[in-house]
Structures are given as C-alpha cells and as structure tokens.
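> I would like the atomic coordinates for the input below:
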Amino acid sequence: MAWSTHGGAMDALARCYGEGGESSASEEVGKEEGISAAPVLDPSSERATAWTLAQRPGMDVDLTVGEAPAENNHLLGRVEDLVVARTGFEAQRRAHDRLQRGGGSIPTRKRAKKGTTKDPNDLDPSTEKWLYEDRKSPWAAPGRREAVEQARNEAMQREQGEQEEEEEDIFAVGNQTVPKGGPVATKETEEEAGKSVFHGKQEKDYQGRGWWEPPRERKPIQETCYVPKRHMHTWKGHTKGVAAIRFFPVHGHLLLSASMDSTVKIWDVYGDKRCMRSYMGHSQAVRDICFSNDGTKFASCSWDKKMKLWDTETGKVLGTYSTGKVPLCVKIHPSENMQHVLLAGTSDNKVVEFDTNTGEQIQQYTEHMGAVNTITFIDDNRRFVTSSDDKTVRVWEYGIPVQIKYIAEPDMHSMPSIAVHPNQKWFVAQSLDNTVVTYSTKDRFRMNRKKTFKGHRNSGYACQVNFSHDGQFLVSGDAEGRCYFWDWKTTRVFRSIKAHDNVCVGCEWHPYESSKVATCGWDGLIKYWD
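Numbering: from 1, shown residues only. The predicted structure is shown next:
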C-alpha cells in the first residue's frame, strides 16, 4: 500500500525531528518506498492537545496552535491512549452494527408456539372469522354464531313489520284515497269500528227519554264548595289502570272513564251507580277522552294511533281519524258553533286539527320540539295553550299555525296537565318537579311565583289538576295514591286523602254538587268522595 508524500508534510516532519542525520535518513527511505513516517508528538505539547480536541466528533475546535496547525502522529491520523469500559464499548459496537445494517433496530422475534398453523387472518379481531372461532372471543362458544345471526334476522323482520304497519296507518284503508289536505277519517270494517254493550235496565223509559239524558228535577247549585272528607262509593269494572275520568257536562249525572284495558266506560252517578255502557273500539290503552258541550258525543284517543268520535247514547263510532302517530291528548273545540272541530296533540311534536263533518285534516301546528301533552283553550276560546315534553309552554291563536307566546325557562320541567281557573285570569300547570305553577292568561302570560303549590310528589307521572267550580280549591293526584287539596288564596295544603293504593292519576270536581270529587288510579278503581 503506497502513500504519497507532500512537501508540507515533509517539512513538518523535519521540524519535529530536527535537521539531523537520522531525519535525513528517514526521508531517504521514505522517498524510496513512498511512505511518510508519522511523527511522535509529546502529549503535553500544545499542538497535540489541539489536534486531539479536533478529532472528537461534534467539537468545533480551531485546529491551529498559535500559527502552526496540529499534526498527526500516525499514518492514518492521530492516535491517543483512551480507557473505555467494556460495557460502553459493546454498546457502541452494537450501535455501529445496527446503523450499518439499515439505520433501524432489529426486532426480536418470538418463538412460534408448537402446532400454531392458523391463517394470520384468523388472529385479526376485525374479521368475522375471529369473532366466532378464536378462543379469546366471547362469541366463540359452540352454536353462538347461529344464535347471533338468528337474533339479527328477527330484529330486521320486526323492524320491517313496524314500518309496514306505519305505512298502512298513514295511507287509506280499503278503497279510500288520501286527498291533498292530508290524513282523513278511514272507513273501517265492522270488527275494526268496534262495538258497544249496554249494561242498564232499559235504554229508554216509558216517556221515550234516553238513559243518558239528565234528570228533570234539579236542585239549585250551591255557590260555596267544600273539601270532601269521606269515601262514598267505588266503581269497579276496569281490568287495568284508569287513565282519565270526565263528568257529564253541566249536570254531572254520568261519569266517563278511559282505561288501559283499551275500553271506555260510562257510569251512573245519581242512581244505582252501575256501569251503563262499555265502548270497545280501540286495540290498545286509551290515553284521553273529551265530551262535547251537550254530552251527546265524546272523543277518545289511544296508543293504537287512532282517534275516535263516539255517540254517547248508542255507542256507535261516528268517525275514526289517524295521522300515523300516537295521539297523546284530544280536545273538542268548546265553542258552540265549532263542535265539529277535533284537535289532538301527537307524538311527532304536532297539534293536528280535523273537521269531523268532512273527515279531513284542516290545520296543524308544528312549533313544538317534543310530544304534545295538553291542549287548553283560554280567552273565550280564541286562543289555546299547549305543553310538551320539550319543557315549554306555547300559546296559539286558533286557526293560525304561528305561536304568539313562547314560555321557556332554564328551570322549567315538563307539564303534562293544565287547568284554567274559573275566573279565566289564570291557568295552572302540573310541573314534574313536584310543584303546581301558575301563569296569567293575559297578553304577557307571566308566571305568578307567589302561586306555587307544593307538598305532593308527582315526578314521572302525568297526574291531572283541577279546580272546584267556585275557584276556591285546587285538587291534584299524587304518585303515592293521595289526593291533595290546596287553598287557592294561601297556596297551603288544605287536606290530603289516601285515595288509591297505586298512583292517583285523575281527579274531577263535580260540576253540580259542591263537595263531591271523583278520583281514579292505576289500581283500576274509580272512587267517589264527599
């Protein structure tokens, strides 16, 4: 291996070894063999120290000592003695080998277990094969795959069946078509239209008067109301809980009840207190009922997504109405010239309005963002108030589908029942935070915080509220089966009665008798108090 020499290097060697004979002899040998001898520097010299620092990686050192550059002491550069620990040397060597092999660390490979010849896809948890076959999967038990697939198919079939039922409810039944106005009354078969059973002695008396007509002898109404103290009678007949009760308008000689056993019954109040007629036309629990002003007709709504208009005397279904959604409340317009108008609050956040003469939907109110629970008319029936599961109360001008008042507060709760005070200046709402709150019926609809009634527990239940006909007392049911009476002026609890073993949902003050109250509950009983 031949090394070429340069003049500058030879001069440096001459300076290091001097100008003696040994130096010249070395030069001659170097010239002949083409090798430059490496000088041996004193480690304590300044040049040796500077050159040593310059050879360390990452060091930015001036390679000159004074004006002369530091020089090598070996053919390949400068050599110094360095003490390195064995562990450090091995670490540097391994790092050097790793960098030479490609710049990354070599992964350690685990030994494959004996007998593992599965496809790599089997070990991927994202594959369906791993889900049902790998021993680590919770669904890998024998027969589990078939059970999961069967449950999946049953769920798909059930969902498809529900969609088909909704389509059948929305579109016309039979040969009738849906006009441009929207959903209409549907023509039903005799089986679907329902039937009615009369339980009284005779439907007409010897004078030809119907069983439903009010008695001719009527005592003068008492203006002052009293809170009842004792239990008078219990009506039994429903097989499941009773959701709502309504007295016959003005006279109160009959009591209408809607039950979760899908039937509506009407009871005698003045006579022998028997069930006079049963109305069977709904296929699921009945949610709400409402009398017309003269009591000859009443409306009902049910969880079977249908509303029906009944003839009170004969039990005949005068019309069936549906929008394909569950109606949660139903109301016949209280004005004398609007008795053909039927309103309902539905589960799809709407209030729909039907004309019972034509069977067509004539209007809908769509501002709510939750299921509509109540419809209550105020201001001489020119406006009505609705409450919803969206925890708001909205006021509407009848016939105009634009709200005129929006009541919403951060601390408000859902209000499933509303009643108007007899003086028409206030209405109260059953709030699900165990209170009954009061609002004005005037233009601003302000909340009267001084008229907040407390003491009962109704959270989670749509317990009805009602007033005595003189406006002196407020009555409400309770989740524990009690019936509470408050004094309207002082807002204090006047009396509470243990009325039912289960939830006391409904309570109605008799419109004619001053101290009679009817209550209903989820125990299937209707009780009369005096």
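> How about Val352: what's its closest non-neighbour residue?
Distances taken as Cβ to Cβ, 6 or more residues apart in numbering put Gln364 closest to Val352, at 4.9 Å, once the chain neighbours are dropped. Every residue, glycine included, has its C-beta placed from N, CA and C.
> Now that neighbour: which helix or strand?
strand 360-365 (DSSP states H and E).
> Enumerate the positions of stretch 222-238 that are buried.
Across stretch 222-238, burial judged by 16 or more other Cβ atoms under 10 Å covers 225, 227-228, 235, 237-238.
> where do the helices sit along the chain?
Assigned by DSSP state H, the helices in the chain fall at 7-17, 21-33, 46-55, 86-100, 128-133, 144-170, 190-193.
> can you give me the strands in the stretch 201-350 of the chain?
231-235, 242-247, 254-259, 264-268, 275-280, 286-291, 297-302, 307-311, 317-321, 327-332, 341-346 (DSSP state E, counting those that start in this stretch).
> Quick one: closest of these to Thr441.
Closest of the strands of the stretch 201-350 of the chain to Thr441 is strand 327-332, at 16.8 Å (criterion: Cβ to Cβ).
> The residue nearest to Val352: neighbouring residues, count only.
Per other Cβ atoms under 10 Å, the neighbour tally for Gln364 reads 15.
> Check which residues of stretch 295-311 are buried.
Buried, per 16+ other Cβ under 10 Å, within stretch 295-311: 295-310.
> and what of stretch 375-395?
Counting neighbours by 16+ other Cβ under 10 Å, the buried set in stretch 375-395 is 375-379, 383-395.
> returning to what we had before: out of the buried residues of stretch 222-238, the closest to Val351 would be?
His238 (28.8 Å).
> hmm, back to that, how far is the strand holding Gln364 from where the chain is centred?
Computed by Cα atoms, centre = their mean, to the nearest Å, the chain-centroid distance of strand 360-365 equals 28 Å.
> okay but Phe453 is in contact with Asp487, surely?
No: Phe453 is beyond contact range of Asp487, at 9.4 Å (criterion: Cβ atoms under 8 Å).
> Just send the buried residues of stretch 222-238 back as CSV, with distance to Asn357 and pLDDT too.
Formatted as CSV, those follow (distance: Cβ to Cβ, whole Å; pLDDT from 0 to 100):
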residue, distance to Asn357, pLDDT
Cys225, 38, 88
Val227, 43, 92
Pro228, 41, 92
Trp235, 34, 93
Gly237, 34, 91
His238, 33, 92
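> In CSV: these, plus distance to Glu360.
Putting the buried residues of stretch 222-238 into CSV (distance: Cβ to Cβ, whole Å) gives the following:
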residue, distance to Glu360
Cys225, 42
Val227, 46
Pro228, 45
Trp235, 38
Gly237, 36
His238, 34
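> hang on, the earlier thing: list the helices and strands the strand holding Gln364 packs on?
With contacts defined as 3 or more Cβ pairs under 8 Å, 6 or more residues apart in numbering; DSSP states H and E, strand 360-365 has these neighbours: strand 351-355.
> tilt between the strand it packs on and strand 360-365?
150 degrees (axes from the mean of the first three to the mean of the last three Cα atoms, to 10 degrees).
> Give me the sheet partners of strand 351-355 and which way each runs.
Strand 351-355 has these partner strands in its sheet, going by DSSP bridges: strand 341-346 (antiparallel), strand 360-365 (antiparallel).
> wait, which of the strands of the stretch 201-350 of the chain is closest to Pro214?
strand 254-259 (8.5 Å).
> looking just at contacts, which helices and strands does that closest one meet?
Contacts defined by 3+ Cβ pairs under 8 Å, 6+ apart place strand 254-259 against strand 242-247, strand 264-268, strand 286-291.
> of all those, which lies closest to Cys463?
Between Cys463 and the helices and strands packed on strand 254-259, the shortest gap by Cβ to Cβ is with strand 242-247, which sits at 11.2 Å.
> Give the buried residues for that closest one.
242-247.
> same deal with stretch 360-368?
So for stretch 360-368, counting by 16+ other Cβ under 10 Å, buried means 360-361, 363, 365, 367-368.
> Run through the chain and note the low-pLDDT ranges.
Applying pLDDT under 70 to the chain picks out residues 1-70, 101-145, 165-194, 218-221.
> related to what we said a few turns ago, so the strand holding Gln364 versus strand 317-321, what angle?
50 degrees.
> Kindly export strand 360-365 (C-alpha atoms) in PDB.
C-alpha atoms of strand 360-365 as PDB (Å, rounded to 0.1, in the frame of the first residue of the first chain):
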ATOM      1  CA  GLU A 360    -110.300  16.000   6.600                       C
ATOM      2  CA  GLN A 361    -107.300  17.500   8.400                       C
ATOM      3  CA  ILE A 362    -107.700  21.200   8.100                       C
ATOM      4  CA  GLN A 363    -104.800  22.600  10.100                       C
ATOM      5  CA  GLN A 364    -101.600  21.600  12.000                       C
ATOM      6  CA  TYR A 365     -99.400  23.500  14.500                       C
END
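> so which of the strands of the stretch 201-350 of the chain comes closest to Lys204?
strand 275-280 (12.9 Å).
> Can you list the strands that the closest one pairs with?
Short version: by DSSP bridges, strand 275-280 pairs with strand 195-198 (antiparallel), strand 264-268 (antiparallel).
> Could you say which one of those strands comes nearest to His510?
strand 264-268 (13.0 Å).
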